[in-house]
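In: Give the three-dimensional model of this entry:
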Amino acid sequence: MPGHGKKYREAMERFNRESAYPAPEAIALVKSMATARFDETLEAAFLLGIDPRKADQLVRGTVALPHGTGKQVRVAVFAPADKARDAEEAGADLVGGKELVAELAAGRELDFDLAIATPDMMAEVGKLGRILGPRGLMPNPKAGTVTQDVAKAVGEFKAGRIEYRNDRFGNVHVPIGKASFTPEQLVANLAAVAAEIVRVKPASAKGRYVKKLVVSSTMSPGVQVDTGKVEDLTALAH
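Out: Numbers count the residues shown, from 1 in each chain. Got it, this is the predicted structure:
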């Protein structure tokens, strides 16, 4: 398998790539292959039966992982003075109003992973579209990142709420934790994501909705998860 190292090739020999495994078994396999010198991130990739070109078939939102992602999330908040204080008290890493927009427009480093804004700040934040947009950092009401209650949003995203969205191929990639998590924690996180993906199935999507589900770590090959004969993936937790 050209382009891959010895460990990757050895990992590929541990399972049948064409077979689908029960969620606990798939996660155990991926954990066993996560042998890098750092704590690898585990990711779930859902291939959905949607047409990403149609606005009524887009899949996007947020979901709270019961055990978090294992990653420290740096949050920026765009808000007027009164809301800015609430955001700071909730643990936001970067807070500001028009002056922060101006600093970022002038080239200040984007040293945050998520941006939250109050609705009245979006006219200003919109000026940063060419900067924030390509990096997936533009606040959006559907993602829960445009809100009056910035303190609540900061707390939830810091605690493990994550944003998900389909790409142009109909895939949704979501982190479900770290290799250091217990198998039970990873399965619970996967179940929470799966239940959310099923919940938001577009009414206009036809045919099989979850076509494929693959779990992998930062450095490991992907292992298929058996989604069963029905698409109620909430059963993954059991």
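In: Might one say that residue 186 is in contact with residue 27?
Out: Yes - taking contacts as Cβ atoms under 8 Å, residue 186 lies within contact range of residue 27: 4.8 Å. Where C-beta positions appear, they are placed from N, C-alpha and C, glycine not excepted.
In: more crowded one of the two?
Out: Each of residue 186 and residue 27 has its neighbours counted (other Cβ atoms under 10 Å); residue 27 has more, 29 against 26.
In: before we move on, the earlier item: which residues do residue 186 and residue 27 both contact?
Out: Residues touching both residue 186 and residue 27 (Cβ atoms under 8 Å, 6 or more residues apart in numbering) are residue 42.
In: Spit out the contact partners of the closest residue to residue 120 other than its chain neighbours.
Out: Once flanking residues are discounted, residue 120 sits nearest to residue 80: 6.8 Å by Cβ to Cβ, 6 or more residues apart in numbering. When contacts are counted by Cβ under 8 Å, 6+ apart, residue 80 touches 97, 118, 120-121.
In: what sits up against stretch 139-147?
Out: 60-62, 78, 114-119, 122, 125, 153, 156, 161, 163, 165.
In: Of those residues, which count as buried by neighbour count?
Out: 61-62, 78, 114-118, 125, 153, 156, 161, 163, 165 (16 or more other Cβ atoms under 10 Å).
In: Of all pairs in the residues you listed, which one is the farthest apart?
Out: The largest separation in the buried ones among the contacts of stretch 139-147, counting by Cβ to Cβ, is between 118 and 165 at 21.8 Å.
In: low-confidence ranges in the chain?
Out: The chain contains residues with pLDDT under 70 at 1-15, 229-238.
In: let's go with 50 and repeat that
Out: By pLDDT under 50, the low-scoring segments of the chain are 1-2, 229-230, 237-238.
In: now the helices for it?
Out: Using DSSP state H, the helices of the chain run over residues 6-12, 23-33, 81-90, 98-105, 122-125, 129-132, 150-159, 183-199.
In: Of the ones you listed, which is nearest residue 217?
Out: helix 23-33 (5.3 Å).
In: What helices and strands are in contact with that closest one?
Out: Here helix 23-33 touches strand 41-48, helix 183-199, strand 210-217, strand 223-225, going by 3 or more Cβ pairs under 8 Å, 6 or more residues apart in numbering; DSSP states H and E.
In: If we use 6 Å, what do you get?
Out: For helix 23-33, the elements it packs on are helix 183-199, strand 210-217, strand 223-225, judged by 3 or more Cβ pairs under 6 Å, 6 or more residues apart in numbering; DSSP states H and E.
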